[in-house]
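Peer 1: Pasted the sequence and its predicted model underneath.
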Amino acid sequence: MQAIEKLIFQAGMPVAALMEKVALRITARLSELYPAQDYPRIGVLVGSGHNGGDALVVARELHHQGRQVKIHQVLPKSKPLTRVHGCYAKSLGIPFVELDDLADCDLIIDGIFGFGLERDITGEIAIAIDTINHWSIPVLSIDVPSGLHTDRGVAMGTAIGATHTFCLGLWKRGLLTESAASYVGKLELIGFDIPAQTALQVLGDDHSLWRINPQQILRSHLPLKRPVTAHKYEVGHLLLVVGSAQYAGAALLAAMGAKATGVGMVSIAVPYSLKSLLLVQMPDALVIGCPETASGAIANLPDLDLEKYQAIVCGCGLSLDAAPVVEQLVHGDRHLVLDADGLNAVAAMGVEHLQSRTGATVLTPHWGEFCRLFPYLRAVERLEALQTAVSQTNATILLKGAKTAIAVPHRAMPKIYINPESTPALARGGSGDVLAGMIGGLLAQGMTASDTAIVGTVWQAQTAIWLAQQRTEMGVDPLTLAQGLLPFLMSKSPL
Ligand SMILES: NC(=O)C1=CN([C@@H]2O[C@H](COP(=O)(O)OP(=O)(O)OC[C@H]3O[C@@H](n4cnc5c(N)ncnc54)[C@H](O)[C@@H]3O)[C@@H](O)[C@H]2O)[C@@H](O)CC1
Ligand SMILES: [K+]
């Protein structure tokens, strides 16, 4: 961003004009989200740099709209442009006040730091940020919540917990990270017409990090279309290798996730004692009862011709006692989705066994499972760790979290796609089983591994958001989720 900004200024755009343009756009969007009748009193926090300059222009405009604006400057000195905006605001009679005088505001605008934050925040500014975080006043952060590292998304000492963040120009990497999720609130991009040529010059066209556009992903992939002459075995045969005496429900939830994808045929390999349970719940599935270990896990797969399956999902509720089965599948050539104990079994056998697989491999770990798979990456930043993990395994890895990241093998440098919209309603035992089944169902129907991971993630997250609006976050249990996948799609594109 700094390099792009420099080129724009070199080409002749005056710095002050760009600040004016950006701040007017911020003001326009702010006025839509926080209308004057509901938010008459505005507190504006101003730092020493151009983030503070933006905030001062917004303060001026809101003052002219007739709102009661108060400004608190956190540092005595400012950059020249910020200083002159401050002088003009004073000349208009906008009061410059102590921090505590903002406590009665309806909205706080955070213009303390943007991408110019250089070091940890300490002393009075840290105290000010912590104080604001204790108030229950909505906060709108300009560019980034002050204190958050623009690239890494970690708090530098402390950081503002924003209600809304208006990111300026281009998405900043840090805002999309897992660690930023609890600081950024709702994210919006405020564009300011960066010339495409300038962006290309700085960034090139082969980026390794992408922000998923959920609406576009859904529109272009779902519902899946099948040929009019489709035969059930032409629209995918999926095998699930799942379940144990201890975790029977996971098998069922994975199967329900798979079913929602419309896959032509679902076969479910479970320990023999679970067979009748699965059949009652999934009469359309072929249930294969397998020999069991003493603990009720799958001991081995009976003589199955794995060639007939287009994809296999392995791991949901499996238990580690079924590790030999995971090993067999990893050494096979089928497209394979590994989840839960499937991942733990691979962690025990060593991830290097994935490298030579000929079929596609999709791993769906949360961070704990990821660290078991790649213990030497535990201390590395999440997205960097993900990139290394993909390079070493040649697998598509879906790292679950508030900002699920999907990393895909791509020449020298894996590509990472971040899902920007989700809901904590999904933080619930069983959500992952549904997802693994969905990915398997899509994979069996011929979608590429990377598309299945992206489409599955987006479809699940958007369904959960939709369900949470109707039933609250408490109401999005995995069964409801699996059953909501298709009604959600219908609500998007009624037939
Ligand atoms: N993207 C762009 O091209 C545009 C950027 N603009 C704004 O400019 C911002 C960047 O402005 P700046 O480069 O002036 O940087 P900032 O406004 O983020 O802050 C830099 C100032 O903070 C001080 N500082 C940094 N870390 C500190 C710490 N830990 N404790 C105390 N002081 C600290 C620095 O000495 C410097 O004075 C963007 O975030 C955005 O809001 C807009 O004005 C217009 C367009
Ligand atoms: K800010």
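Peer 2: Happy to help now that I have it. Quick caveat: nothing in here was measured; it's all calculated off a predicted structure. Residues are numbered from 1 along each chain as shown. Ligands and ions are numbered 1, 2, ... in the order given.
Peer 1: Can you pull up the most central residue in the protein?
Peer 2: In the chain, the centroid-proximal residue (Cα atoms, centre = their mean) is residue 403; its distance is 2.3 Å.
Peer 1: Surely it is in contact with residue 178?
Peer 2: Yes - using Cβ atoms under 8 Å, residue 403 is in contact with residue 178, at 5.1 Å. (Each C-beta comes from the backbone N, C-alpha and C, glycine too.)
Peer 1: how many neighbours does the closest residue to ligand 2 within the stretch 151-300 of the chain have?
Peer 2: Closest approach between the stretch 151-300 of the chain and ligand 2, counting by Cβ to the ion: residue 160, at 6.9 Å. Other residues within reach of residue 160, judged by other Cβ atoms under 10 Å, total 28.
Peer 1: quick one: it from ligand 1, how far?
Peer 2: Residue 160 sits 13 Å away from ligand 1, going by Cβ to the nearest ligand atom, to the nearest Å.
Peer 1: Could you pull up the residues touching the nearest residue to that residue once chain neighbours are set aside?
Peer 2: Take residue 160 and drop its neighbours on the chain: the residue closest to it by Cβ to Cβ, 6 or more residues apart in numbering is residue 145, 4.1 Å away. When contacts are counted by Cβ atoms under 8 Å, 6 or more residues apart in numbering, residue 145 is found next to 110, 139, 159, 160, 161, 162, 165, 180, 183, 184, 185.
Peer 1: List phi and psi for residue 145.
Peer 2: Main-chain dihedrals, residue 145, degrees, to the nearest 10: phi -60, psi 130.
Peer 1: for residue 34, same thing?
Peer 2: Reported as degrees, to the nearest 10, the phi and psi values for residue 34 are phi -130, psi 80.
Peer 1: go on, residue 476?
Peer 2: Per degrees, to the nearest 10, the backbone of residue 476 is at phi -100, psi 60.
Peer 1: From here on, call the first residue 506.
Peer 2: All right, first residue 506 from here; so that's residue 981.
Peer 1: could you list every residue that touches it?
Peer 2: So residue 981 contacts 928, 930, 931, 933, 969, 972, 973 (Cβ under 8 Å, 6+ apart).
Peer 1: Mind doing that once more with 10 Å?
Peer 2: Contact partners of residue 981, counting by Cβ atoms under 10 Å, 6 or more residues apart in numbering, are 928-933, 936, 968-973, 975, 989.
Peer 1: between the residues you listed, which has the most around it?
Peer 2: The most crowded member of the contacts of residue 981, judged by other Cβ under 10 Å, is residue 968 (28 neighbours).
Peer 1: which SS class is it?
Peer 2: Here residue 968 takes the helix state, with states given by DSSP: H, G, I helix; E, B strand; the rest coil.
Peer 1: residue contacts, the closest residue to it other than its chain neighbours?
Peer 2: Spatial nearest neighbour of residue 968, excluding adjacent residues (Cβ to Cβ, 6+ apart): residue 993 at 4.1 Å. Residue 993 makes contacts with 723, 727, 765, 964, 965, 967, 968, 969, 970, 971, 972, 986, as judged by Cβ under 10 Å, 6+ apart.
Peer 1: Return only those of those found close to ligand 2.
Peer 2: Checked against ligand 2 using Cβ under 5 Å from the ion, those yield no neighbours at all.
Peer 1: just those residues now: which is nearest residue 592?
Peer 2: Taking Cβ to Cβ as the measure, residue 970 is the one of those closest to residue 592, at 45.5 Å.
Peer 1: contacting residues around the closest one?
Peer 2: 719, 926, 927, 928, 930, 931, 978, 981, 993.
Peer 1: Show the subsequent helix or strand relative to the helix or strand encompassing residue 630.
Peer 2: Secondary structure assignment for residue 630, by DSSP states H and E: helix 628-639. With elements assigned by DSSP H and E, the helix or strand that comes after helix 628-639 is strand 644-647.
Peer 1: I'd guess residue 670 is in a helix, am I close?
Peer 2: No - applying three-state DSSP, one finds residue 670 to be strand, outside a helix.
Peer 1: pretty sure it is touching residue 664, no?
Peer 2: No - taking contacts as Cβ atoms under 10 Å, residue 670 lies outside contact range of residue 664: 11.0 Å.
Peer 1: Mutual contacts of those two, please.
Peer 2: Between them, residue 670 and residue 664 share the contacting residues 615, 646, 649, 650, 653, 685, 688, 689, judged by Cβ under 10 Å, 6+ apart.
Peer 1: Look up the closest residue to residue 675, ignoring the ones flanking it.
Peer 2: residue 506 (6.2 Å).
Peer 1: Listing request: residues of the chain with sub-threshold pLDDT.
Peer 2: Within the chain, the stretches with pLDDT under 70 are 998-1000.
Peer 1: For ligand 1, tell me whether the strand or helix carrying residue 524 is touching it.
Peer 2: Under the criterion of DSSP H and E, residue 524 resides in helix 520-538. Yes - using Cβ under 6 Å from any ligand atom, helix 520-538 reaches ligand 1 at 523, 524, 527.
Peer 1: Neighbour-wise, which one of those leads?
Peer 2: Neighbour tally across the residues of helix 520-538 next to ligand 1 (other Cβ under 10 Å): the maximum, 23 neighbours, falls on residue 527.
Peer 1: Please list all residues in contact with residue 818.
Peer 2: Per Cβ under 10 Å, 6+ apart, neighbours of residue 818: 743-747, 759-760, 762-763, 771, 773, 834, 840-844, 847, 867, 869, 938, 941-946, 948-949.
Peer 1: Check residue 899 too.
Peer 2: 859, 860, 861, 862, 865, 866, 914, 919.
Peer 1: same thing but at 8 Å, please
Peer 2: Applying Cβ under 8 Å, 6+ apart, the residues near residue 899 are 859, 860, 862, 866, 914.
Peer 1: Need the buried ones from those residues selected in PyMOL.
Peer 2: Burial among these is assessed by 16 or more other Cβ atoms under 10 Å; the matching PyMOL selection reads:
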select buried, resi 859+862+866+914
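Peer 1: Which member of the contacts of residue 899 is positioned nearest ligand 2?
Peer 2: Using Cβ to the ion, residue 914 is the member of those that lies nearest ligand 2, at 36.3 Å.
Peer 1: separation between the closest one and ligand 1?
Peer 2: 33 Å.
Peer 1: So that residue versus residue 901, what's the distance?
Peer 2: 7 Å (Cβ to Cβ, to the nearest Å).
Peer 1: shared neighbours, the two?
Peer 2: residue 895.
Peer 1: hey, where'd the helices end up in the stretch 856-1000 of the chain?
Peer 2: Secondary structure of the stretch 856-1000 of the chain (DSSP state H, counting those that start in this stretch): helices at 872-878, 887-898, 936-949, 954-976, 983-997.
Peer 1: Out of the ones you listed, flag the one nearest residue 812.
Peer 2: Of the helices of the stretch 856-1000 of the chain, nearest to residue 812 by Cβ to Cβ is helix 936-949, at 13.4 Å.
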